[in-house]
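Chemist: here are the coordinates; sequence isn't available:
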C-alpha cells in the first residue's frame, strides 16, 4: 500500500475521532471545523469527514446536549398542551342531562349547557362563568309558518342575572326577563308579539 494513501487514511481516522469526541462534548460542527483547520488539517479532508459524520447519522445519535434539548423541548410542548387542554376545559360548558342540574350550575354561575324539546321546539340553554344565560331556539316544528321560523329558528339571546338568583322562568318561558336580554331571538319575539296585536 502506498504510504501517502496510508497516511491520508490515518489523518481521516484522526479527524473522524476528533469530530466524534468533540461533538459528544457539545461543540457545534462549525466550531469543530474551525479547530481542525486551525490545527493545520486540510480543508477538503475536514469538510469530507464532517459531511460523512452528519450523513451517517452519527451526529444525531451521539450529541448528549442535542438529546437533552430535544427532551426539554418535548417536555415544554407536552406541558403547554396539557395547560391548553385544562384551560379550554375550564371554559367548556358542562352538559346537563336534567333541568335540575342546569338550574344548580346556572345559579352558581358555572358554565353549563342543557337541551330540551317542548312542543316540537328544540331549545338550548347555555350559561357562562359571568352569570349570563344564552337561550337559543335550535329548531321549531315544520308546521309553524315560515315567517315565524325565519324570525326565531337558529336565533339566540343572552340574558344576564345575578349569582344565586337564577330564575327558573328563564328556562320555562321565552318572554321572562326580556328586559335583561339582547340578541336576534329577542328582536324576533318582539316582532311576533307586535304582529299579534
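Modeler: Received, thanks. A quick note: this is a predicted structure, and the numbers were derived from the prediction, not measured.

Chemist: Beyond the helix or strand hosting residue 14, next helix or strand please.
Modeler: Per DSSP states H and E: residue 14 is located in helix 3-24. Remark: after helix 3-24, the chain's next helix or strand is helix 29-38, criterion DSSP H and E.

Chemist: Which other helices and strands does that next one contact?
Modeler: Using 3 or more C-beta pairs under 8 Å, 6 or more residues apart in numbering; DSSP states H and E, the elements in contact with helix 29-38 are helix 3-24, helix 43-55. Where you see a C-beta, it was placed from the backbone N, CA and C, and this is true even at glycine.

Chemist: Would you map out the domains in this protein?
Modeler: 3-87, 94-196 (automatic domain parsing).

Chemist: Report the helix or strand with the lowest average pLDDT across the protein.
Modeler: helix 58-62 (a mean of 53; mean pLDDT, DSSP states H and E).

Chemist: Now the phi/psi pair for the most centrally placed residue in the chain, please.
Modeler: The chain has residue 84 as the residue nearest its centroid, 5.7 Å off, counting by C-alpha atoms, centre = their mean. The phi/psi pair for residue 84 (degrees, to the nearest 10) reads phi -60, psi -40.

Chemist: can you redo the helices and strands packed on helix 29-38 as JSON lines with mean pLDDT and mean neighbour count?
Modeler: Converted to JSON lines, the helices and strands packed on helix 29-38 look like this (pLDDT from 0 to 100; neighbours: other C-beta atoms under 10 Å):
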{"stretch": "helix 3-24", "mean pLDDT": "76", "mean neighbour count": "14"}
{"stretch": "helix 43-55", "mean pLDDT": "81", "mean neighbour count": "15"}
